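1. pasting the sequence and the predicted coordinates here, then a few questions.
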Amino acid sequence: MTAPVDALVIGAGPAGLMAAEALASAGRQVVVCEAKPSPARKLLMAGKSGLNLTKAEALPAFIRAYGDAEGWLAPMLAAFGPDQVQAWCAGLGQAVFTGSSGRVFPVAMKASPLLRAWLMRLGAAGVSLRPRWRWRGFDGQGLGFDTPEGRQVLRPAVTVLALGGASWPRLGSDAAWVPWLQEQGVEIAPFQPANMGFNVAWSAPMTPFFGAPVKGVALCVGAQRQRGEFVISATGLEGGGIYGVSRALREGAALVLDLLPDLTRAEVEARLARMRPGETASNRLRKLGLAPVAVGLMHEFGRPLSAARLGQMVKALPVPQLGPRPIGEAISVAGGVTHASVSAGLELRALPGVYVCGEMLDWEAPTGGYLLTGCLATGRWAGQAAGESAAGDGAPIR
């Protein structure tokens, strides 16, 4: 079956739903196709540990977190940044609060109440959601789908692609779309894991520490120094502190830990000098205030733990890592549709009438609210641009 459609959105994650909302606000008749049985599965998964919506900080600092993509994302984030995200949540009846780190969460903490309210509003605006409609690429002058009713081909007047990146493929972001766009002449930077853990070849004595948090340390990676917390896992290192330096580590920088960041090396060595001669290294480290897991790290990477080396290793402990965990485990990705491939309105230059947004785009941001805000902002931007394009009853893709 081939059918004309006014405005089509493929992908019902945060970026796709925001694009659908912007299209509906522009008066378009919107159809959202989602491969999974239900929408926004990655959003719901993220919300299980507390949905970090955005970060309450000054807009210039917020935008700088996007690194190389700061320049071209700046207008989108200025139009829908931290303040607008919070107001949008309030408009859905979801109160928010700001934590001590500036991170903003819904009072309910979970994503499900927000998503239910959002879907109700989209439904009231006439947005039609079609679950289990899996896009299978271009089909002549249309887009082909596998659906519960069999093969379907849609010929939309405008299309917004919000298909995600390549992390958490079981939740829908499987990057199956990459070759289809490349065949149409779209440039796509290779996907790489972002905000991910790193492999470490632990020795047997570290086994009791698997699952233990390492708190109150500074992670030093090249010129970057960041206070943070991470977890020792059976495969290596995980957690927010590691994610914050993951890009530099992925690009080859070494990881060095300052286990007592509130003390200078001279202060550490002065405390060590006051201890009784002949004490074991473990006792000395415990008396410095190191937690058992930090003492374990010193034994793992700081040997030989001679009295002369203790102060140096406490303040600059090298941690050899063997590269990032697989992209399917990463929170997000770097890579995707390049800046050069899209117009200012996120329309594909090679495919007029087709827009892209969210993690499909080649941008990278740390955790802490930047990821979700980036998806919402780019989805809204693409939806608005698509909504303003000439309406029609179905136009060829090429």
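-> Cool, the structure landed. Just so it is clear, the model here is predicted, and its values are computed rather than measured.
2. now the residue positioned nearest the centre of the chain: how far from residue 82?
-> Note on the chain: the residue nearest the mean C-alpha position is residue 332, at 3.6 Å, using Cα atoms, centre = their mean. In this view, residue 332 and residue 82 are 18 Å apart by Cβ to Cβ, to the nearest Å. Any C-beta I mention is one placed from the backbone N, CA and C, and that applies to glycine too.
3. same question for residue 341.
-> For residue 341, the distance to residue 82 - Cβ to Cβ - is 28 Å.
4. kindly report the same for residue 284.
-> As judged by Cβ to Cβ, residue 284 and residue 82 stand 46 Å apart.
5. can you check residue 289 too?
-> When residue 289 is compared with residue 82 (using Cβ to Cβ), they lie 36 Å apart.
6. likewise residue 198?
-> Counting by Cβ to Cβ, the gap from residue 198 to residue 82 is 29 Å.
7. can you check residue 298 too?
-> On the measure of Cβ to Cβ, residue 298 and residue 82 end up 40 Å apart.
8. which residue is the nearest non-sequential neighbour of residue 53?
-> Distance criterion Cβ to Cβ, 6 or more residues apart in numbering; nearest residue to residue 53, sequence neighbours excluded, is residue 104 at 4.9 Å.
9. name the SS class of the one you found, please.
-> At residue 104, secondary structure determined by DSSP: H, G, I helix; E, B strand; the rest coil is strand.
10. contact partners for it?
-> Contacts here follow Cβ atoms under 8 Å, 6 or more residues apart in numbering; on that basis residue 104 touches 52, 53, 54, 55, 56, 82, 85, 86, 96, 97, 98, 369.
11. check it and give its pLDDT.
-> At residue 104, the model reports a pLDDT of 96.
12. is it true that residue 34 touches residue 11?
-> Yes: applying Cβ atoms under 8 Å, one finds residue 34 in contact with residue 11, separated by 6.7 Å.
13. common neighbours of those two, please.
-> By Cβ under 8 Å, 6+ apart, the residues touching both residue 34 and residue 11 are residue 172.
14. between those two, which is the more surrounded one?
-> residue 11 (32 against 25; other Cβ atoms under 10 Å).
15. now the more buried one: closest residue in space, sequence neighbours ignored.
-> residue 162 is the one closest to residue 11 (Cβ to Cβ, 6+ apart), at 3.7 Å.
16. the one you found: neighbour count?
-> If we define neighbours as other Cβ under 10 Å, then residue 162 has 29 of them.
17. show me the contacts for it.
-> 9-13, 15-16, 19, 356-358, 360, 379, 382.
18. and it, what are its phi and psi?
-> Main-chain dihedrals, residue 162, degrees, to the nearest 10: phi -140, psi 60.
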